[in-house]
Every structure is written in C-alpha cells, then in structure tokens.
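S.K.: When you get a sec, could you give me coordinates for this:
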Amino acid sequence: MSLGRYFHTVRHLRPVQVYGRLWHRLARPRVDARPAPPLASLPGAWTAPAWREPSLREVSPGRYAFSFLSVERTLAEAGGWDDTGVPRLWRYNLHYFDDLVARGAASRRDLHRALIARWIAENPPGAGSGWEPYPISLRVVNWIKAELSERAAGRALLDDAANASLAVQLRWLRGRLERHLQGNHLWANAKALVAGGTYFGGAEGDALLAAGAALFREELSEQLLADGGHYERSPMYHATMLEDVLDLTALARAATLRFPAALRDDLERAAPRMLRWLRVMTHPDGGIALFNDAAFGVAGDLATLSAYSRTLGVPFDERPLAPCEALRDSGYVRLSNERAVVICDIADVGPDHLPGHAHADTLSFELSVHGERVLVNGGTSTYERDAERQRQRGTAAHNTVVVDGADSSEVWGAFRVARRARAHLLHAGAFDGVAFAEGEHDGYRLLPGRVTHRRRWELRDRSLELRDVLVGAYGEARAHFLLAPGQAVRFECEPPSTLIEEAAAWHPRFGQSVPTIRRAIPVLGGELLTRVSW
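M.R.: I've put the predicted structure just below:
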C-alpha cells in the first residue's frame with residue numbers, strides 16, 4: 001500500500017474515527033443478561049411497514065434456504081451463521097431477519113418463530129457477525145416492526161425468550177455504537193435505540209429512547225443536506241434512510257404519549273424533502289439512478305416509499321418536475337422532456353471524512369429514452385475487497401471521460417478514497433426547449449499535465465449533446481458510454497473520430513453481472529462534441 005495514498009485517505013478523518021477504531025477493536029462491553037424491561041404501552045395505531053421481497057423458505061423441516069445478493073444457500077451450505085468462507089455482506093444479511101417484514105410474512109409466522117429461537121440458541125451474546133453493531137441494529141428493528149404488525153392483527157411473534165434476547169442485544173449495541181464509522185452505520189445504530197426505547201417501557205426503555213432520539217437528531221441534522229439528499233450521495237442508501245425516517249414516524253404515531261416531540265418534528269420535516277430528492281433521482285422505469293454504491297433490490301423504490309408515506313399521512317410535493325431540477329447541495333441535476341430523462345453527476349464523492357461508498361464517477365450521467373434506460377453506470381455487485389470491486393468503482397465503468405487511464409478519484413481497497421475530485425456545478429437551467437447543465441472537476445490535476453475536465457449537457461427533443469473540454473496536457477483520453485443491455489442509440493461526434501466498441505458488463509443488483517457493450521470515443525485536441533440521438 002502506498003504511504004501517500006494512505007496519508008491522503010486518513011488525513012480527512014475525524015479524531016473520533018481514528019481513536020474510535022482502536023477503542024472499538026479493544027473494548028468489549030459486559031453482556032448484560034438482566035431480565036428484559038416491561039413492554040411499553042403503545043396507544044396509537046400501528047402502520048404496517050414497507051414490505052420487502054421474501055428471502056426465506058423452508059426446504060424441509062428445520063432446513064431453511066436464504067436468498068441474498070442473488071445467491072441462495074441453506075444454513076448448512078453457508079456453513080452455519082458465521083462461516084468466513086461466505087462473503088461478509090451475505091453473512092450480514094443472514095443476521096438481519098429482513099424476511100420478518102417481507103410480503104406474506106404472516107404466513108411464515110411459525111417458521112420465523114423457529115428461526116428466531118434457533119438464532120438465539122446458536123449465536124451467544126457478543127460472538128460472531130450477528131453481534132456486530134450494524135446487524136444488531138437492523139435485526140432489532142425488524143423484530144420490533146414484525147412484532148408490532150402481529151400485535152395489530154391480534155397475534156404475537158416474539159415470546160419471552162425473544163424479548164429477553166432483544167433487551168440483551170440493545171444493551172450490547174448501546175456499548176458498541178459505531179462512532180468510528182459514522183454515516184449510515186451510526187444512523188442505523190441510533191434508529192435501533194429509538195425503536196428499542198419505544199418498544200420497551202420502564203426506566204430502561206425511557207433511557208434507550210432518550211439516548212437514541214438525541215443521537216438520531218444529531219445525525220439527521222448532519223447527514224441530511226439542505227436539498228433533502230443524504231450526504232454519502234448514494235441513491236440506494238438515501239432510499240434506505242428515507243425508509244428509516246418513515247419507520248420512526250410510524251413508531252411516533254404508535255407511541256403518541258412517549259415519543260420525543262422534538263424528534264417527531266424533525267422526522268416530519270425531513271421525510272417530504274427526502275421523498276422529493278428520491279423523485280428527482282428516479283428514472284421513468286421507477287428505479288434509482290446508479291451513482292456511487294447503488295443497486296436495485298436493496299432499498300424500497302419510489303413507488304413503495306411514497307405509498308408508505310401516504311399511509312402515514314406524510315405530505316410531499318407531487319407536482320410535475322421541471323425540465324431542469326438541480327439538487328445543488330448534493331451535486332446532481334435532472335434534465336427531462338417528454339421523450340427523455342438525463343441524470344447528471346456534478347457531485348463531490350461524499351463528505352471528506354466518509355467517502356467509503358463513492359465511485360470515481362464525477363461528471364457521469366444516465367439516460368432514459370421513452371421510459372427505458374439507454375445509457376447506464378456500471379452499478380454495484382460486490383463489496384468484497386478484490387479487483388472486481390476496484391473495477392466497478394473506477395472511472396472507466398461510468399459514462400464520463402478517462403484521462404491517461406487514471407481514475408478521477410483515487411478509489412482503493414473496498415471502501416477507501418485517497419485524492420478525490422472536487423466538482424463544481426457551473427450552470428443549470430432550461431431555455432427555449434433545451435434543458436442544460438454544466439460542471440467541471442479537478443480530479444486529474446495530479447497527472448503531469450494537470451488536466452481539468454468540463455462537461456456540458458444539452459437535452460433537446462430527440463437528442464442529447466455533450467461537450468467535453470479537457471484543459472491541460474495528456475497522452476490519451478476517451479469518453480465512455482455504457483449501453484443498457486439490448487439498447488442502441490446513434491452516436492455522432494465532432495471532430496470526427498473512431499467509435500470504439502468493447503465488451504462490458506452492467507451490475508444492476510448485488511451478485512449480478514449482465515453482458516453489454518461500451519462505446520468509447522477519443523477526445524482529440526482537448527475537446528469533443530458528442531451527439532446521442534433517438
């Protein structure tokens with residue numbers, strides 16, 4: 001590992017991320033196995049959550065098959081709950097218990113009860129992946145949402161043993177908050193404390209609720225940008241965290257007497273802004289734009305989350321979007337007309353202290369025509385620390401310009417960024433039937449020729465024109481265009497140049513690699529005009 005790369009990675013970290021990492025490795029909270037506190041009285045009506053797709057089936061008595069990240073395994077095939085030979089993200093999903101809040105969950109109630117009992121018996125407190133703070137956070141919330149949904153139907157899912165385990169998990173989590181990771185991890189920790197403190201009553205429940213509410217308000221204030229976007233700038237994580245806000249709103253509605261009013265007010269202000277941001281970043285096919293770490297099937301889509309919000313009575317702006325919608329704080333711009341939608345990335349890679357889910361995709365874009373995706377970013381299929389993860393994060397996997405084979409931001413490891421591009425939104429608007437945006441970045445400034453890249457998009461009735469300008473000296477530069485599988489559009493360029501066609505892959509879901517083609521056009525003389533027409 002290059003010392004320079006390491007230095008440029010860690011110099012942006014906050015002190016809590018540095019000393020917190022050491023503390024997190026060395027400190028171990030005591031397992032607190034006291035009896036669970038009493039369950040709280042929830043006088044308000046419970047709103048059913050946004051249901052997920054099922055991920056569990058019983059293939060024979062006591063033998064379960066789990067489907068995560070496009071891979072199905074039984075517990076035996078997975079080597080149990082914590083086989084290190086199974087990818088870490090798949091193991092994490094195994095411990096989330098998402099199937100408890102999936103469609104048709106009530107029909108699998110007995111299966112879920114048996115699985116919860118098995119998890120408790122085979123995962124002793126503090127041992128293994130299931131007791132890491134992030135899986136605890138998601139599992140705690142899923143158990144509670146599932147139980148409240150069952151209660152609303154006059155039934156129960158969690159028995160005394162499950163409630164006792166839930167209390168132990170929450171106590172362990174409170175002593176293991178992921179302050180060293182920050183971002184969506186600490187946000188999830190805070191949500192779990194709020195959920196646990198709402199579910200349990202007594203002095204312990206009150207203390208959990210107060211601690212969780214204070215932390216969630218703090219993280220909401222920092223992590224939510226003024227335009228409603230999440231500061232890590234991943235549409236997938238944004239949708240996940242919007243669902244978190246809606247889940248807590250549902251808990252606030254149910255716990256009308258106990259839920260902190262200040263947090264309830266913050267949630268009600270945040271949800272409409274987050275919904276609108278997601279609208280802007282959603283293609284006509286209903287799915288998110290795949291910028292940074294993003295894939296389908298992980299978070300709820302716009303239709304699911306907007307329906308959830310309506311059920312909760314959360315208002316949001318559903319007026320038609322303008323031909324140009326600029327999310328200036330996030331750095332994204334949406335251009336649209338009756339035939340096409342273009343979503344442009346003129347964003348920094350993320351907050352300086354937390355760019356772990358960033359791709360080197362600055363000045364990339366995605367294009368839909370007649371409701372179908374035509375040009376796409378490469379997507380995300382893995383979080384493993386390997387060459388494929390590196391390739392997917394690299395600039396060449398996105399619809400932007402690659403200069404001298406370099407990445408516009410120095411992505412490395414599985415979740416690291418050293419030197420990173422600084423992007424600037426210069427212009428955005430619409431005039432005389434043309435929607436346009438223009439931005440630049442300095443990510444290639446460390447190359448010998450100190451290159452800067454400027455790009456302008458102009459969306460017309462039947463075409464998209466892109467003007468790329470490179471200022472500085474370089475040996476070779478190419479504009480990349482990744483076609484959605486089975487799609488075709490016409491390309492023209494000025495000055496005339498050879499259109500290079502290459503085999504490529506699109507990764508719309510974790511665990512998926514779909515063959516497609518990439519077209520590349522050399523940037524000669526520092527400037528290229530590309531016309532994509534349909």
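
S.K.: Run a quick check on V532 versus V369, I expect a contact.
M.R.: No. Assessed by Cβ atoms under 8 Å, V532 is found out of contact with V369, at 9.0 Å. Heads up, the C-betas are built off the backbone N, CA and C, glycines and all.

S.K.: what touches both of those two?
M.R.: V489 (Cβ atoms under 8 Å, 6 or more residues apart in numbering).

S.K.: Give the buried residues for stretch 424-434.
M.R.: Neighbour counts over stretch 424-434 (16 or more other Cβ atoms under 10 Å) mark L425, A428, A430, V434 as buried.

S.K.: Can you tell me which helices and strands the host helix or strand of the third one packs against?
M.R.: Assigned by DSSP states H and E, A430 belongs to strand 423-431. Here strand 423-431 is seen to pack against strand 324-327, strand 332-336, strand 434-441 when contacts are counted using 3 or more Cβ pairs under 8 Å, 6 or more residues apart in numbering; DSSP states H and E.

S.K.: could I have whichever helix or strand comes after the longest one exported to PDB, CA atoms only?
M.R.: Scanning forward in sequence from strand 434-441 by DSSP H and E, the next helix or strand is strand 452-459. Coordinates of the C-alpha atoms in strand 452-459 are reproduced here as PDB (Å, rounded to 0.1, in the frame of the first residue of the first chain):
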ATOM      1  CA  THR A 452      -9.300  19.700 -15.600                       C
ATOM      2  CA  HIS A 453     -12.500  18.300 -17.200                       C
ATOM      3  CA  ARG A 454     -15.500  20.400 -18.100                       C
ATOM      4  CA  ARG A 455     -18.700  18.900 -19.400                       C
ATOM      5  CA  ARG A 456     -22.000  20.400 -20.700                       C
ATOM      6  CA  TRP A 457     -25.200  18.500 -21.300                       C
ATOM      7  CA  GLU A 458     -27.900  19.900 -23.600                       C
ATOM      8  CA  LEU A 459     -31.100  17.800 -23.800                       C
END
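
S.K.: Contacts only, for the closest residue in space to I343 that isn't next to it in sequence.
M.R.: Using Cβ to Cβ, 6 or more residues apart in numbering and skipping the chain neighbours, the partner closest in space to I343 is A289 (4.5 Å). A289 makes contacts with P235, M281, T282, H283, Y332, I343, E366, N377, as judged by Cβ under 8 Å, 6+ apart.

S.K.: Touching stretch 211-228 from outside, list them.
M.R.: With Cβ under 8 Å, 6+ apart as the test, stretch 211-228 has contacts from 174, 177, 183, 186-187, 189-197, 230-232, 241, 245, 248, 260, 262-263, 266-267, 270, 273-277, 327-330.

S.K.: What of stretch 94-113?
M.R.: By Cβ under 8 Å, 6+ apart, stretch 94-113 touches 49, 51-56, 58, 64, 66, 68, 78, 81, 115-116, 119, 123, 129-130, 135, 138-139, 142-143, 145-146, 149-150, 153, 155, 157, 159.

S.K.: Likewise for stretch 262-274?
M.R.: Defining contact as Cβ under 8 Å, 6+ apart, one finds that stretch 262-274 is touched by 194, 213, 216-217, 220-221, 224, 227-230, 238, 241-242, 245-246, 248-249, 252, 309, 314-317.

S.K.: just stretch 462-472 next, same as before
M.R.: Defining contact as Cβ under 8 Å, 6+ apart, one finds that stretch 462-472 is touched by 339-340, 342, 367, 401, 403, 444, 447, 449-458, 477, 479, 523, 526-534.

S.K.: Any buried residues in stretch 489-496, and which?
M.R.: V489, C493.

S.K.: go on, stretch 264-279?
M.R.: Buried residues in stretch 264-279, counting neighbours by 16+ other Cβ under 10 Å, are found at 264, 266-268, 270-271, 273-279.

S.K.: would you list those residues in JSON lines and tack on secondary structure and pLDDT?
M.R.: Formatted as JSON lines, the buried residues of stretch 264-279 follow (DSSP: H, G, I helix; E, B strand; the rest coil; pLDDT from 0 to 100):
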{"residue": "R264", "secondary structure": "helix", "pLDDT": "97"}
{"residue": "D266", "secondary structure": "helix", "pLDDT": "98"}
{"residue": "L267", "secondary structure": "helix", "pLDDT": "98"}
{"residue": "E268", "secondary structure": "helix", "pLDDT": "96"}
{"residue": "A270", "secondary structure": "helix", "pLDDT": "98"}
{"residue": "A271", "secondary structure": "helix", "pLDDT": "98"}
{"residue": "R273", "secondary structure": "helix", "pLDDT": "97"}
{"residue": "M274", "secondary structure": "helix", "pLDDT": "98"}
{"residue": "L275", "secondary structure": "helix", "pLDDT": "98"}
{"residue": "R276", "secondary structure": "helix", "pLDDT": "98"}
{"residue": "W277", "secondary structure": "helix", "pLDDT": "98"}
{"residue": "L278", "secondary structure": "helix", "pLDDT": "98"}
{"residue": "R279", "secondary structure": "helix", "pLDDT": "98"}
